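Enquirer: Coordinates for the following, if possible.
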Amino acid sequence: MTRMTRMLTTRPRLLAACALLLAATQAVQAADIIQVNQLGFLPGARKLALVPATAADRFQVKDAGGKVVFEGPLGKAATWNASGQAVRVADLSALRAGGTYRIAVAGLQESTPFPIAPDAYRLLDAGAIRAYTHNRAGIALDARVAGAWARPAGHPDDQVRVHASAASVTRPAGTVIASPKGWYDAGDYNKYVVNSGISTYTLLAAYEHFPAWFDGLAVNLPESGNGLPDLVNETLWNLDWMATMQDPEDGGVYHKLTNLSFDGMVMPDKATAPRYVVQKTTAAALDFAATLAAASRVLARFDAQAPGRSQRWLAQAESAWRWALAHPAVRYRQPADVRTGEYGDDKLDDEFAWAAAELLAATGKAAYRNPAQASGDARKTEPDWGDVRALGWITLAGQQGRLPDEAAAARSRIVAAADTLLARWQASPYRLAMADKDFTWGSNAVVLNQGMMLVQAYRITGKRDYLDAAQSALDYTLGRNPLGVSYVTGFGTRSAMHPHHRPSVADGVAAPVPGWLVGGPNPGQQDAKDCKAAYGAKQPALSWLDDACSYASNEVAINWNAPLVYVAAALQVLER
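Expert: Down below sits the predicted model:
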């Protein structure tokens, strides 16, 4: 049994004991909490904590024995609009010695304990990857792999029907196809190509940028020990599924594989409703093309284990691109009898640019050069499933040798986006790049995708401030936030306990499946009408409900975990 497995097996008892503490913490006003990254820091990291506005002018750091080992001045008080909270910054960056510490300020309760250690995020990164394993379709997870969260297989998806919206001459409605493997998208049991695209790409980029880290990161997967890095093994589970979502006759790609309606809060093996592939769309074809092209390039080094795989992926990617060129505006429209997630996207220029960038990097063909460069104005400084343009920039930025002009343009765009984020970070009372508008559905993924873009700028320029700002993004999700909670299940002194995640609700284990980043504060509160529990506040950064009913603030999703995997790895590698 590995160290990771032992930790995950014993964690239910630890987290069950912390449940009452978390509930009490949420009832405490933000003004009463010293906020710090509960998983701690690497020795050389920028180490910032936030202290409620107080008359005290200094802070102390105490070791596990209560001895004061560091002290310093508190920054000036300033109010963060997103929470309405006045805070002061405590900078303990000069403290580099390994150990476990607490922050103390006169008149306030001491902070939660946090470590300084050279492997501060190793277990976090492995746990965030393992979350995908727990969400695999079509595989039983035994106790050796899943610990307390072992479960039978669900959704083999070897008898999937073609929905009327997806029918073609060669595959009429009702045709049965096989589309096994893949990850359940979020708290539900459906699989979506569009969201799989950004999720899978981000994991591929993490491996491409930090291969040595992931080569040595043991995650304890069913395939561990087969000669492939565990991150690659996990990513292949979803790539194998994605490859089945293309109609081989015309190259079009089905938008999703789904039930007609969402399953109840049951375990995967108890969810037995018929499954369908639904409608081919331009967005699905382009996200598919981009992801498989990226995979063909990044994972080509592993072709010895599967001869011809990269070439097949690239051929499928180019076929999907040709379909998209012939059908440039086929947007997803929910059929009347389908009531599951949509991932609808009415603006497709960013998908065309991303797919072209990946195909250009994979093939070098001139035909992809112009569309890859048609960047337009990015609508966001960071990517999300509905705006994937920046993913193409990340890929092209690394192609200086083969595509120097495109690489230079991409690097310029990345640095410009990161400069916007950096200016926000520097001006923020919270030392966070998030704007008020960023508190939306999946706000925790927004902050980590911002962190991923800041990492790109650091990799390009070596400017330390970018890495410091990325550190703050991770700090926020792990406890340096107004609620003083780690938004990653199973990690931190106080962590999310009741995610909107069917296995976590139905498995009978007190603790949730670990390693999942929950969505985070969302002032839209779109689920308020469906929840018996009430949100505790309306302010954007406080609008979070740790209840399984809260799909708007407490669901999990594969695209939200991906930047967590990336940023945790980046900080581990780049801080060394």
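Enquirer: So which residues of the stretch 1-150 of the chain form strands?
Expert: Here the stretch 1-150 of the chain has its strands, by DSSP state E, counting those that start in this stretch, at 48-52, 58-63, 68-73, 78-80, 85-91, 99-104, 114-116.
Enquirer: how near is residue 89 to residue 209?
Expert: 30 Å (CB to CB, to the nearest Å). To be clear about C-beta, it is placed using only N, CA and C from the backbone, and glycine gets the same treatment.
Enquirer: Same check on residue 411?
Expert: 14 Å.
Enquirer: again with residue 319
Expert: Residue 319 is 28 Å from residue 209, by CB to CB.
Enquirer: Same check on residue 285?
Expert: 27 Å.
Enquirer: Also residue 540?
Expert: 32 Å.
Enquirer: Those two: who's more crowded?
Expert: Using other CB atoms under 10 Å as the criterion, residue 540 and residue 209 rank with residue 540 on top: 25 against 20.
Enquirer: re the thing from before, which one, of the strands of the stretch 1-150 of the chain, ends up nearest to residue 436?
Expert: strand 78-80 (9.8 Å; CB to CB).
Enquirer: Buried residues, the closest one. List them.
Expert: Using 16 or more other CB atoms under 10 Å as the test for burial, strand 78-80 gives residue 80.
Enquirer: what's next to that strand, contact-wise?
Expert: 85-88, 428-430, 482, 541 (CB atoms under 8 Å, 6 or more residues apart in numbering).
Enquirer: what pairs with it, and is each one parallel or antiparallel?
Expert: strand 85-91 (antiparallel) (DSSP bridges).
Enquirer: hang on, the earlier thing: which one of the contacts of strand 78-80 is nearest residue 345?
Expert: The closest of the contacts of strand 78-80, once distances to residue 345 are taken by CB to CB, is residue 541, at 27.4 Å.
Enquirer: low-confidence ranges in the stretch 351-500 of the chain?
Expert: Along the stretch 351-500 of the chain, the model assigns pLDDT under 70 to residues 375-379.
Enquirer: need the strands for it, in chain order.
Expert: Under DSSP E, counting those that start in this stretch, the stretch 351-500 of the chain gives no strands.
Enquirer: Quick check: the gap between residue 508 and residue 174.
Expert: 37 Å.
Enquirer: Settle it for me: which of the two has more neighbours?
Expert: residue 174 (11 against 7).
Enquirer: Which pLDDT value belongs to that one?
Expert: Note for residue 174: predicted pLDDT of 98.
Enquirer: Identify the residue nearest it in space, chain neighbours excluded?
Expert: Of all residues not flanking residue 174 in the chain, residue 161 sits nearest, at 5.8 Å (CB to CB, 6 or more residues apart in numbering).
Enquirer: quick one: the helices in the stretch 1-150 of the chain?
Expert: 3-27, 122-134, 143-146 (DSSP state H, counting those that start in this stretch).
Enquirer: ok, of the ones you listed, where does mean pLDDT dip lowest?
Expert: Across the helices of the stretch 1-150 of the chain, helix 3-27 gives the lowest mean pLDDT, at a mean of 38.
Enquirer: Could I have the CA atoms of stretch 225-235 written out in PDB?
Expert: This file holds the C-alpha atoms of stretch 225-235, laid out as PDB (Å, rounded to 0.1, in the frame of the first residue of the first chain):
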ATOM      1  CA  GLY A 225       3.700   0.200 -13.300                       C
ATOM      2  CA  ASN A 226       2.900  -0.200 -17.000                       C
ATOM      3  CA  GLY A 227       5.800   1.900 -18.100                       C
ATOM      4  CA  LEU A 228       3.800   5.100 -18.500                       C
ATOM      5  CA  PRO A 229       3.700   8.100 -16.100                       C
ATOM      6  CA  ASP A 230       0.500   8.000 -14.100                       C
ATOM      7  CA  LEU A 231      -0.700  11.400 -15.400                       C
ATOM      8  CA  VAL A 232      -0.400  10.000 -19.000                       C
ATOM      9  CA  ASN A 233      -2.300   6.800 -18.000                       C
ATOM     10  CA  GLU A 234      -5.100   8.900 -16.600                       C
ATOM     11  CA  THR A 235      -5.300  11.200 -19.600                       C
END
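Enquirer: And that stretch, how far out from the chain middle?
Expert: 19 Å (CA atoms, centre = their mean, to the nearest Å).
Enquirer: In it, which residues are buried?
Expert: Quick answer for stretch 225-235 (16+ other CB under 10 Å): 228-235.
Enquirer: among these, which are in helices?
Expert: The helices, defined by DSSP state H, take in 230-235 from these.
Enquirer: so can I have CSV of those residues showing pLDDT?
Expert: Shown next, in CSV, are those (pLDDT from 0 to 100):
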residue, pLDDT
230, 98
231, 98
232, 98
233, 98
234, 98
235, 98
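Enquirer: and which of those residues is nearest residue 365?
Expert: residue 235 (25.1 Å).
Enquirer: quick one: that closest one and residue 558, what's the gap?
Expert: Residue 235 is 11 Å from residue 558, by CB to CB.
Enquirer: that older thread, could you single out the most deeply buried of the strands of the stretch 1-150 of the chain?
Expert: Mean neighbours per residue, mean count of other CB atoms under 10 Å, is largest over the strands of the stretch 1-150 of the chain for strand 48-52, with a mean of 24.
Enquirer: quick one: that strand to strand 99-104, angle?
Expert: Going by axes from the mean of the first three to the mean of the last three CA atoms, to 10 degrees, strand 48-52 is angled at 30 degrees with respect to strand 99-104.
Enquirer: Let the chain start at 244 from now.
Expert: Sure, I'll start numbering at 244, so the last one becomes strand 291-295.
Enquirer: what mean pLDDT would you report for strand 291-295?
Expert: Strand 291-295 comes out at a mean pLDDT of 98.
Enquirer: what's next to it, contact-wise?
Expert: Taking CB under 8 Å, 6+ apart as the rule, strand 291-295 contacts 273-280, 302, 317, 328-336, 346, 348, 351, 354, 673-674, 714-715, 718, 723.
Enquirer: swap the cut-off to 7 Å and go again
Expert: Around strand 291-295, the neighbours that count as contacts under CB atoms under 7 Å, 6 or more residues apart in numbering are 274-279, 302, 317, 328, 330-335, 346, 348, 351, 354, 673-674, 715, 718, 723.
Enquirer: what sits against residue 784?
Expert: Applying CB under 7 Å, 6+ apart to residue 784 gives the contacts 325-326, 682, 724-725, 764.
Enquirer: Which of those residues are buried, as a PyMOL select command?
Expert: Remark: buried members of the contacts of residue 784, expressed as a PyMOL selection using 16+ other CB under 10 Å:
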select buried, resi 325+326+682+724+725+764
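Enquirer: With respect to residue 396, which of the contacts of residue 784 is nearest?
Expert: residue 764 (35.2 Å).
Enquirer: Surely the closest one touches residue 783?
Expert: Yes: the pair residue 764 and residue 783 passes the contact test of CB atoms under 7 Å, sitting 6.1 Å apart.
Enquirer: list the residues that contact both of those two?
Expert: Common neighbours of residue 764 and residue 783, counting by CB under 7 Å, 6+ apart, are residue 682.
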